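Q: Based on what follows, work out the 3D shape:
(chains A and B)
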Amino acid sequence: MNNQISFKYRRVMLSIAAVLIIFLAIIIVVIMAHQHEMFEDSQRNAQRELELIGTFARESLLRQDYENVEQFLNQWGQEHADVISIKATAPNSFILADYTRDVPSENFFLVTKHIQYMGKDLIALEMSKDITSVKRSLNKFIGLLITGSVLLTIILGVTLWYALKKLALIPMAREIATRKEAEKKFRMLLESVPDALIFVFSNGEIIMVNKEAEKMFGYSREEMLGKDIEILVPERYRK
Amino acid sequence: MAKTGLKIFAISLACLMVFASPFLFAEKTLILQIHPYLPATDLTGRFTPLADYLSRKIKHPISIRIAKDYQEHIDQVGNDKVDIAYMGPASFVKLIDTYGRKPILARLEINGKPTFRGAIVTAKESPIKTLSDLKKCRFAFGDPDSTMSHLVPRFMMKKAGVDTDDLDGYQFLYSHHNVALGVLIGDFDAGAVKEEVFHKYKGRGLKVIAWTPHVSEHVFVASSSLPAGTVQALRKALYDLKEEQRGAAIMSAVKDNTTAMIPAADKDYNNLRSIIRALGNVTDP
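A: Residues are numbered from 1 along each chain as shown, chains lettered A, B, ... in the order given. Here you go, the predicted structure:
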């Protein structure tokens, strides 16, 4: 009976753990999808930024104001903390502008744009952008989300466990204890009776005997339990 | 009696004007104008320490103004619309030849020399080696009134037998830096720049075909309407710069490697004057 209860407890625990794991898995999938979306957004924004720079560069180059392009790109790089490098290369491979930030970064992506006018290449723009800050904020977000989820699952599990215990397990354990007590009392009563008492199933199998029965028939309790009642009848009277 | 009264009144008025003029003048902010050889923000940054220094020395506020183009600069100075002007040598010659003499304050001395030169440049890998190779080439000039990015190089080219008609085309890019970059980027086969600009872009692939002769350095002039005392005070302040504690920084902000501001005379620009006269009216864009 005890084994049966602990088995049931284990099953409840396992179910809660499974819910937690599934919940975490869903969160991780959501986070990864969100992360992917954020990186794609950053790339799209950087591409739009480069197109804007390209429009300015095209105008200046058509006015042959090369110096303006060089200054503008260097200034753009200096004033945008997420720009790691920005480079403008002419069709003859001359590098018109090449701004590189001193602080290196391992988390970056590259966007390029070829600026043309009436089919003629004017300049190729290349910009690399740092995504460390995006990653950092994502990681912070992931951390918060996982911690929150674990806490939520634990609270949920504890609440479920408490409710289950209140509604089912405690009454069940109480019932078992009552039954055990009743059985104990019955046994005590059985043993204190001055007569020999033997309980048998309908098929004649002995299921309970008292001390007086042991004394009367000369068999020990172990010898009698599970045997047929007929063993107590002399052989000549048996069927 | 009435006549005597009128005389007394006239004399009193004259005296009042003479004594009050420094106070009236003291109210006015002097204008230091610069020709647009670099971007306006760059020029304002370069000349602000000098304007502050001069303001302190002559006890007059001085503000900076950047001219729209070289011609406007010459006209404004010629018509005494500005009080102090920083001028390129060719603009100075044009100013004197058009509007007559103006008080010269000082000229720059770079690394101990009061003259400078320019260069006709091309890209390192270019087959152009001499001035005569420039025929059928695309050429970039700076400003039509610029000494080293147009006038002197154009005179040299003309002397070498290459007039603008012999070129495949030419354009005024209005900045020495644009000329250098236009050549490097491949839009032009050659161009004309001053020496300091050549040195800046040398490492990026520029080479010299020919050096120009030396001409007198850039000059500060004053308006003819400025009181003689103020002109003298400005001259002294400029000459004293090399002795000042922050003088070197103020001067090198105006132009790299400036070591002093020294006296100058109109005749210092005679070699350039003869070049400009020989060229005639070639400043058409």
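
Q: what's the closest non-adjacent residue to the residue in the stretch 1-150 of chain B positioned nearest to chain A?
A: Among residues of the stretch 1-150 of chain B, the one nearest chain A by Cβ to the nearest Cβ turns out to be residue B:39. It sits 7.0 Å away. Every C-beta, even on glycine, is put in place using the N, C-alpha and C of the backbone. Take residue B:39 and drop its neighbours on the chain: the residue closest to it by Cβ to Cβ, 6 or more residues apart in numbering or on different chains is residue A:71, 7.0 Å away.

Q: Pull the number of nearby residues for that neighbour.
A: Counted with other Cβ atoms under 10 Å in any protein chain shown, residues neighbouring residue A:71 total 17.

Q: I'd assumed residue B:38 was in contact with it.
A: No - proximity of residue A:71 to residue B:38 does not meet the contact threshold set by Cβ atoms under 8 Å, at 10.5 Å.

Q: Backbone torsions only: list them for the residue of the stretch 1-150 of chain B closest to chain A.
A: phi -60, psi 150 (degrees, to the nearest 10).

Q: With residue A:188 instead?
A: The main-chain torsion angles of residue A:188 are listed as degrees, to the nearest 10 and equal phi -60, psi -40.

Q: show me what contacts residue 191?
A: The chain I'm using is chain A. By Cβ atoms under 8 Å, 6 or more residues apart in numbering or on different chains, residue A:191 lies in contact with A:210, A:211.

Q: wait, I meant chain B there
A: Residue B:191 sits in contact with B:120, B:121, B:122, B:139, B:140, B:141, B:149, B:173, B:179, B:180, B:182, B:183, where contact means Cβ under 8 Å, 6+ apart.

Q: Swap in 7 Å and give it another go.
A: The contact partners of residue B:191, by Cβ atoms under 7 Å, 6 or more residues apart in numbering or on different chains, come to B:121, B:139, B:140, B:179, B:180, B:182, B:183.

Q: So the residue nearest to residue B:39 lies in a helix, does it not?
A: Yes - per DSSP: H, G, I helix; E, B strand; the rest coil, residue A:71 lies within a helix segment.

Q: rewinding a little: show me the two of the contacts of residue B:191 that sit farthest apart.
A: Between any two of these, the greatest separation by Cβ to Cβ is 13.2 Å, found for B:139 and B:180.

Q: neighbour count winner among the two?
A: For the pair residue B:139 and residue B:180, the greater number of neighbours falls to residue B:180 (30 against 26), based on other Cβ under 10 Å.

Q: how far away is the residue nearest to that one when sequence neighbours are not counted from chain A?
A: When the adjacent residues along the chain are set aside, residue B:180 lies closest to residue B:201, with 4.2 Å between them (Cβ to Cβ, 6+ apart). In this view, residue B:201 and chain A are 11 Å apart by Cβ to the nearest Cβ, to the nearest Å.

Q: ok, now which ones touch the residue in the stretch 151-285 of chain B positioned nearest to chain A?
A: Taking Cβ to the nearest Cβ as the measure, the stretch 151-285 of chain B has residue B:181 as its residue closest to chain A, at 3.6 Å. Residues counted as contacts of residue B:181 (Cβ under 7 Å, 6+ apart) are A:66, A:67, A:70, A:96.

Q: wait, doesn't residue B:206 sit right on residue B:121?
A: Yes - taking Cβ atoms under 7 Å as the contact criterion, residue B:206 and residue B:121 are neighbours in contact, 5.0 Å apart.

Q: Need the phi and psi values for the spatially closest residue to residue B:69 that is not a sequence neighbour.
A: Take residue B:69 and drop its neighbours on the chain: the residue closest to it by Cβ to Cβ, 6+ apart is residue B:36, 6.4 Å away. Main-chain dihedrals, residue B:36, degrees, to the nearest 10: phi -80, psi 60.

Q: same thing with residue B:141?
A: In this entry, residue B:141 is assigned phi and psi values of phi -100, psi 170 (degrees, to the nearest 10).

Q: count of residues packed around the residue nearest to it when sequence neighbours are not counted?
A: Across the structure, with Cβ to Cβ, 6+ apart as the measure, the residue nearest residue B:141 apart from its sequence neighbours is residue B:150 (4.4 Å). Neighbours of residue B:150 under the rule other Cβ under 10 Å: 25.

Q: At the contact with chain A, which residues of chain B appear?
A: With Cβ under 7 Å from any Cβ of the partner chain as the criterion, chain B meets chain A at residues B:39, B:171, B:173, B:175, B:177-178, B:181-182, B:184-187, B:205.

Q: from the residues you listed, which ones fall inside helices?
A: Counted as lying in helices by DSSP state H, out of the residues of chain B next to chain A, are B:177, B:178, B:181, B:182, B:184, B:185.

Q: Including pLDDT, could these go into JSON lines?
A: JSON lines is the format used below for these (pLDDT from 0 to 100):
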{"residue": "B:177", "pLDDT": "95"}
{"residue": "B:178", "pLDDT": "96"}
{"residue": "B:181", "pLDDT": "97"}
{"residue": "B:182", "pLDDT": "97"}
{"residue": "B:184", "pLDDT": "97"}
{"residue": "B:185", "pLDDT": "96"}
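
Q: helix/strand/coil for residue B:250?
A: In three-state terms, and counting by three-state DSSP, residue B:250 is helix.

Q: what's the spacing between the nearest residue to it once chain neighbours are set aside and residue B:64?
A: For residue B:250, ignoring the flanking residues on the chain, the nearest one in space by Cβ to Cβ, 6+ apart is residue B:49 at 4.6 Å. In this structure, residue B:49 and residue B:64 are separated by 11 Å, where distance is defined by Cβ to Cβ, to the nearest Å.

Q: Neighbour count: those two, which is higher?
A: Neighbour totals were compared for residue B:49 and residue B:64, and residue B:64 leads with 20 against 16 (other Cβ under 10 Å).

Q: and whichever strand or helix holds residue A:84, what other elements does it pack with?
A: Residue A:84 is located in strand A:83-89, with elements delineated by DSSP states H and E. Other helices and strands packing on strand A:83-89, by 3 or more Cβ pairs under 7 Å, 6 or more residues apart in numbering or on different chains; DSSP states H and E, are helix A:66-79, strand A:95-100, strand A:120-130.
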